[in-house]
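**Student:** what follows is a predicted structure for the sequence shown.
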Amino acid sequence: MLSIEPETRNLSEHPVECIEGDSSRGLLLVCEHASNAVPENLHRLGVPEAEFSRHIAYDIGAAAVTRRLAHLLGVPAVLTRFSRLIIDPNRGRLDPTLVMRLSDGAIVPGNARIDAAGIAERIRRFYVPFDRAVDEAVARAEAAGASPMFLTMHSFTPFWRTVARPWQVGILYDGDERLSRPVIEALEADPAGLCVGDNQPYGGGLPGDTIDRHATARGLPNALVEIRQDLIGGPEGQEEWAQRFARLLRPMLRPAA
């Protein structure tokens, strides 16, 4: 059974977690907001400890679902080991939200006066290793003769301000529906009678984001998964959703090598 992600911890290891898998199966999982960790020399960015349990620091439950799904399918996965408050790898380098100074009402003091050199250092230290790990995972799949489907795993808050979000899961995409449409249809056919967001709770297609940089640029089928956080905040829900996605994705994979 899965466990809830650990509380905020100091980041001392490499900023990217890579899960090995059978690259020939034709699927790569990516989780950009997997961790709420901040290295000691960034002093928690001056942010109160309680804020690190919120969505502003990481996507609650997404890492556990990603790890379990990778295990169930035997496919590779790439996850971050740093908080999105440091730098958001799901943004383009020129995106004004790459390093957030204010996030969902919370001031981030460690980012308030960051200059171009400071951002460049975070790109070097965190963003580039993530990009390199994703590139290498795609290259391994292509070397195995299986250009991968590219699936990124996220979670979203049950409310936006005071408005409840009815969707239990959403699938985001831009113009390419080769992966997103079959996944949406499979979720809509689930016996649980899910409320499935078709490009909800956000619209897909953010220029410079992970999918744009690594999948769209290569012509890879892709989709972004958003699962509502109250459904995957604990081990039972994490297991349930990992099993659900394993069932619907398994028929889309190539036979195991």
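**Tutor:** Thanks, I have the structure now.
**Student:** only C-alpha atoms from now on, for both contacts and neighbour counts.
**Tutor:** Will do.
**Student:** in the helix or strand hosting residue 131, what's buried?
**Tutor:** Per DSSP states H and E: residue 131 is located in helix 128-143. Buried residues in helix 128-143, counted by 16 or more other Cα atoms under 10 Å: 129-131, 133-134, 137-141.
**Student:** of those residues, closest to residue 16?
**Tutor:** Using Cα to Cα, residue 130 comes nearest to residue 16 of these, at 5.9 Å.
**Student:** I figured the closest one hits residue 81, correct?
**Tutor:** No. The criterion here is Cα atoms under 8 Å, and residue 130 misses it with residue 81 at 9.4 Å.
**Student:** find residues that contact each of the two.
**Tutor:** 15-16 (Cα atoms under 8 Å, 6 or more residues apart in numbering).
**Student:** which residues in the protein form helices?
**Tutor:** 62-73, 109-112, 116-122, 128-143, 180-188, 210-214, 235-249 (DSSP state H).
**Student:** looking at the ones you listed, spot the one closest to residue 157.
**Tutor:** Residue 157 sits nearest to helix 62-73 of all the helices of the chain, at 12.0 Å, using Cα to Cα.
**Student:** what lies in contact with the closest one?
**Tutor:** In contact with helix 62-73 (Cα under 8 Å, 6+ apart) are residues 2-5, 19, 21, 29-31, 33-35, 76-77, 79, 153-155, 227, 232, 238-239, 241-243, 245-246, 250.
**Student:** only C-alpha atoms, please: export it in CSV.
**Tutor:** Extracted as CSV, the C-alpha positions of helix 62-73 are listed here (Å, rounded to 0.1, in the frame of the first residue of the first chain):
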residue,chain,number,x,y,z
ALA,A,62,0.6,13.0,-7.6
ALA,A,63,4.0,11.5,-6.9
ALA,A,64,2.6,8.5,-5.1
VAL,A,65,0.2,7.7,-7.9
THR,A,66,3.0,8.1,-10.5
ARG,A,67,5.3,5.8,-8.7
ARG,A,68,2.6,3.1,-8.2
LEU,A,69,1.4,3.4,-11.8
ALA,A,70,5.0,3.0,-13.1
HIS,A,71,5.4,-0.1,-11.0
LEU,A,72,2.0,-1.6,-12.1
LEU,A,73,2.8,-1.0,-15.8
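**Student:** any idea how far that helix is from the chain center?
**Tutor:** Relative to its parent chain, helix 62-73 has a centroid offset of 11 Å by Cα atoms, centre = their mean, to the nearest Å.
**Student:** pull out the buried positions in it.
**Tutor:** Within helix 62-73, the residues that count as buried by 16+ other Cα under 10 Å are 62-71, 73.
**Student:** likewise stretch 149-162?
**Tutor:** 149-158.
**Student:** got these as JSON lines, with pLDDT and distance to residue 50 columns?
**Tutor:** Listed next are the buried residues of stretch 149-162 as JSON lines, based on pLDDT from 0 to 100; distance: Cα to Cα, whole Å:
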{"residue": "149", "pLDDT": "98", "distance to residue 50": "37"}
{"residue": "150", "pLDDT": "98", "distance to residue 50": "33"}
{"residue": "151", "pLDDT": "98", "distance to residue 50": "30"}
{"residue": "152", "pLDDT": "98", "distance to residue 50": "27"}
{"residue": "153", "pLDDT": "98", "distance to residue 50": "24"}
{"residue": "154", "pLDDT": "98", "distance to residue 50": "21"}
{"residue": "155", "pLDDT": "98", "distance to residue 50": "19"}
{"residue": "156", "pLDDT": "97", "distance to residue 50": "18"}
{"residue": "157", "pLDDT": "96", "distance to residue 50": "17"}
{"residue": "158", "pLDDT": "95", "distance to residue 50": "19"}
